[in-house]
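A.B. asks: Please work out how this folds:
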Amino acid sequence: MKTEVEPLEGNKVKLSVEVDQDEFESAIDEAFRRIGREVRVPGFRPGKVPRRVLEARIGRDAARQDALRTSLPDYYARAVRDHDLDTIAPPEIEITSEGDGAPMAFSAVVEVRPVVSIAGYQGLQVTVPSLDVTDEEVQRQIDRLRDTTAELADVSRPAREGDNVSIDITGYRHGERFEDLSSEDFLYQVGSGTITPALDEQLTGARTGDILKFNAEVGEHGEVSFQVLVKGVKEKVLPAVDDEWASEASEFDTVAELTEDIRRRLETVRKVQAAMSIRDAALEALVALVPDEAPDSMVEAQVERQLHDLAHRLESQGASLTDYLQATGQDQEAFLNERRAEAAQSVKADLALRALAEAEAIEVGDEDVESQIQSLAERYGAKPADLRRQLVRNDQMEELATDIRKSKAFAWLLEHVDVVDEEGRPVDRARLQLEIPGEGADADAGDPAASATSDASEAAPAADAGSEALVSAAGGAPDPNPEPSDPEAVP
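C.D. replies: Residues are numbered from 1 along each chain as shown. As a prediction, this is how the structure comes out:
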């Protein structure tokens with residue numbers, strides 16, 4: 001079989017294939033055998049009809065067309081492998097010779113994955129929030145803890161924001177009482193705005209015994225008339241910050257120990273957020289170097305995968321995409337446009353990581369593949385041998401290796417990107433390491449590069465079908481984008 005490749009405009013190539021007469025004649029023979037198993041000819045058992053009899057009965061053209069239909073995909077696949085083409089879309093095939101007295105020939109115009117430029121990748125810089133925890137931030141956490149242990153004391157003064165007032169409240173319209181807007185002995189915090197802002201306005205400055213009457217708009221109820229009896233005003237009395245309070249409000253015996261723990265927790269959150277920020281910012285910076293638009297075929301394929309995964313998750317919950325759009329109040333066209341924008345960035349990330357791997361001559365060895373198979377097997381409760389057989393059977397070993405290579409490229413990027421704080425000062429990477437109590441310093445825990453290498457399919461957002469197939473076979477994957485910790489939630 002003779003093949004030639006001709007570059008075309010954009011990221012397309014023209015693949016010309018010529019199959020010699022003997023090889024294609026073998027395909028025609030096989031076609032006659034297939035037809036012979038299906039055609040009933042008097043005097044012959046199925047599958048035992050000689051070719052000359054079939055050819056006389058149905059003609060050679062039928063077998064030639066069958067041979068073209070069944071053999072052409074294999075010829076095309078062989079030609080793609082021979083030229084190591086990385087195709088990303090179905091080909092447009094034109095048969096130029098059907099092989100009747102001459103070699104069978106066809107041409108295939110197909111899109112291939114573009115090779116992009118990432119000039120300047122060695123000088124990328126990312127900015128992370130400051131790792132320093134201020135005394136004011138620690139004090140805010142202490143105040144929050146004090147607030148949770150505060151006591152309420154009756155006061156005779158007018159109510160003000162932050163006070164708790166005991167009220168009987170009735171919401172009604174035209175004499176009809178709204179039960180969900182009515183309650184007795186209801187303890188309400190002034191300024192919380194949980195019912196209607198008008199209630200907070202009315203309660204500010206009110207005293208015990210006051211009766212308040214007013215109208216306000218309340219959501220689906222529309223305009224509602226309210227009557228409120230103020231039965232008591234209470235203010236929060238915060239406890240003193242001393243060792244006795246610390247031992248009652250926490251696991252620590254002293255305020256100093258509690259303060260140190262709060263500071264350590266806040267610093268840990270800062271480190272985790274900084275590491276995640278480096279991952280996101282580094283990839284965004286790399287993608288920004290790609291000058292070309294993402295190929296439409298790759299974007300649409302990515303969108304289709306996203307929608308398929310979303311539909312599968314919704315279906316497992318007894319819902320549909322239509323239900324999801326209605327519940328979230330999203331317009332279908334706007335939703336799809338947003339998915340396309342995300343897919344375009346994901347595709348560009350895929351191309352950029354491949355380019356980086358090529359530029360840095362990053363290789364994937366057998367030990368890398370075996371390690372990843374072992375990791376995936378443990379992760380999804382499968383046997384390594386079963387996963388390997390599945391990959392080989394589905395011809396996905398190369399795709400898995402590509403995933404690993406992209407992850408190694410991402411790890412390289414995270415190791416070499418310059419990290420600065422918001423004031424432009426270099427950040428010491430050693431400060432990003434987390435200390436696990438009782439285990440000493442864990443270098444990998446806070447190192448974004450180390451976390452990238454241990455998480456191949458999540459590290460590269462444009463993960464290929466090889467890893468996705470393993471994930472699917474294992475029954476789904478955990479959320480690859482967990483929300484960062486909230487420093488305001490510590491402790």
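
A.B. asks: which helices and strands does whichever strand or helix holds E399 pack with?
C.D. replies: Applying DSSP states H and E as the criterion places E399 in helix 397-416. Under the contact criterion of 3 or more C-beta pairs under 8 Å, 6 or more residues apart in numbering; DSSP states H and E, helix 397-416 touches helix 255-288, helix 332-359, helix 366-380, helix 448-453, helix 456-459, helix 465-473. In short, each C-beta sits where N, CA and C put it, glycine included.

A.B. asks: Next, the angle from the first one to helix 397-416.
C.D. replies: Per axes from the mean of the first three to the mean of the last three C-alpha atoms, to 10 degrees, the angle that helix 255-288 makes with helix 397-416 is 120 degrees.

A.B. asks: What angle do helix 332-359 and helix 255-288 make with each other?
C.D. replies: 90 degrees.

A.B. asks: which other helices and strands contact helix 255-288?
C.D. replies: So helix 255-288, by 3+ C-beta pairs under 8 Å, 6+ apart, packs with strand 125-127, helix 135-148, helix 243-249, helix 332-359, helix 397-416, strand 434-436, helix 448-453.

A.B. asks: The third one now?
C.D. replies: Using 3+ C-beta pairs under 8 Å, 6+ apart as the contact criterion, the elements in contact with helix 366-380 are helix 384-393, helix 397-416, helix 465-473.

A.B. asks: change it to 6 Å
C.D. replies: helix 384-393, helix 397-416 (3 or more C-beta pairs under 6 Å, 6 or more residues apart in numbering; DSSP states H and E).

A.B. asks: Go through those helices and name the closest to D20.
C.D. replies: Smallest distance to D20 across these (C-beta to C-beta): 28.7 Å, for helix 397-416.

A.B. asks: For whichever helix or strand comes after that closest one, buried residues please.
C.D. replies: Next along the chain after helix 397-416, taking DSSP H and E as the criterion, comes strand 418-420. The neighbour-count check on strand 418-420 (16 or more other C-beta atoms under 10 Å) flags V419 as buried.

A.B. asks: Counting by contacts, list what strand 418-420 packs against.
C.D. replies: Using 3+ C-beta pairs under 6 Å, 6+ apart, strand 418-420 sits against strand 125-127.

A.B. asks: quick check: domain ranges of the protein?
C.D. replies: 2-111, 151-237, 255-489 (automatic domain parsing).

A.B. asks: so which of the ones you listed gets nearest I118?
C.D. replies: I118 sits nearest to domain 255-489 of all the domains of the chain, at 4.5 Å, using C-beta to C-beta.

A.B. asks: tell me the average confidence for that closest one?
C.D. replies: Throughout domain 255-489, pLDDT has a mean value of 79.

A.B. asks: again with stretch 125-136
C.D. replies: 91.

A.B. asks: for that stretch, how far is the first residue from the last?
C.D. replies: 30 Å (C-alpha to C-alpha, to the nearest Å).

A.B. asks: where does F178 fall, phi/psi-wise?
C.D. replies: phi -100, psi 110 (degrees, to the nearest 10).

A.B. asks: residues in contact with it?
C.D. replies: Remark: with contacts taken as C-beta atoms under 6 Å, 6 or more residues apart in numbering, F178 is in contact with G171.

A.B. asks: pretty sure V165 is in a strand, no?
C.D. replies: Yes - secondary structure of V165 (DSSP: H, G, I helix; E, B strand; the rest coil): part of a strand.

A.B. asks: quick one on the thing from earlier: compare the helices and strands packed on helix 255-288 and report which one is nearest to R389.
C.D. replies: Of all the helices and strands packed on helix 255-288, helix 397-416 comes closest under C-beta to C-beta, at 10.8 Å.

A.B. asks: If I take the closest one and helix 366-380, what angle do their directions form?
C.D. replies: 90 degrees.

A.B. asks: Ok, which of the helices and strands packed on helix 255-288 comes nearest K231?
C.D. replies: That would be, of those and by C-beta to C-beta, helix 135-148, which comes in at 23.4 Å.

A.B. asks: what's in contact with the closest one?
C.D. replies: Surrounding helix 135-148, the residues in contact under the criterion C-beta under 6 Å, 6+ apart are 238-239, 249, 262-263.

A.B. asks: Any buried residues in that helix, and which?
C.D. replies: 137-138, 141-142, 145-146.

A.B. asks: Which stretches in the stretch 51-200 of the chain count as strands?
C.D. replies: Using DSSP state E, counting those that start in this stretch, the strands of the stretch 51-200 of the chain run over 92-98, 104-111, 125-127, 151-154, 164-173, 176-189.

A.B. asks: circling back to that earlier point, possible to save the helices and strands packed on helix 255-288 as JSON lines with distance to I35?
C.D. replies: Formatted as JSON lines, the helices and strands packed on helix 255-288 follow (distance: least, C-beta to C-beta, whole Å):
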{"stretch": "strand 125-127", "distance to I35": "64"}
{"stretch": "helix 135-148", "distance to I35": "80"}
{"stretch": "helix 243-249", "distance to I35": "86"}
{"stretch": "helix 332-359", "distance to I35": "44"}
{"stretch": "helix 397-416", "distance to I35": "36"}
{"stretch": "strand 434-436", "distance to I35": "69"}
{"stretch": "helix 448-453", "distance to I35": "55"}
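
A.B. asks: Tell me which of those approaches D20 most closely.
C.D. replies: Using C-beta to C-beta, the helices and strands packed on helix 255-288 put helix 397-416 closest to D20, at 28.7 Å.

A.B. asks: closest one to Q125 among the domains of the chain?
C.D. replies: domain 255-489 (4.2 Å).

A.B. asks: hey, which of the helices and strands packed on helix 366-380 is tucked in deepest?
C.D. replies: helix 397-416 (a mean of 22; mean count of other C-beta atoms under 10 Å).

A.B. asks: Just the CA trace of it, in CSV.
C.D. replies: What follows is helix 397-416, C-alpha atoms only, in CSV (Å, rounded to 0.1, in the frame of the first residue of the first chain):
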residue,chain,number,x,y,z
MET,A,397,-2.5,2.9,25.9
GLU,A,398,-1.2,5.7,23.8
GLU,A,399,-3.9,8.1,25.1
LEU,A,400,-3.0,7.2,28.7
ALA,A,401,0.7,7.9,28.0
THR,A,402,-0.3,11.3,26.5
ASP,A,403,-2.3,12.1,29.7
ILE,A,404,0.8,11.3,31.8
ARG,A,405,3.0,13.3,29.5
LYS,A,406,0.8,16.3,29.9
SER,A,407,0.7,15.9,33.6
LYS,A,408,4.5,15.8,33.7
ALA,A,409,4.6,18.9,31.6
PHE,A,410,2.2,20.6,34.0
ALA,A,411,4.4,19.6,36.9
TRP,A,412,7.4,21.0,35.1
LEU,A,413,5.5,24.3,34.6
LEU,A,414,4.6,24.5,38.3
GLU,A,415,8.2,23.9,39.3
HIS,A,416,9.7,26.6,37.0
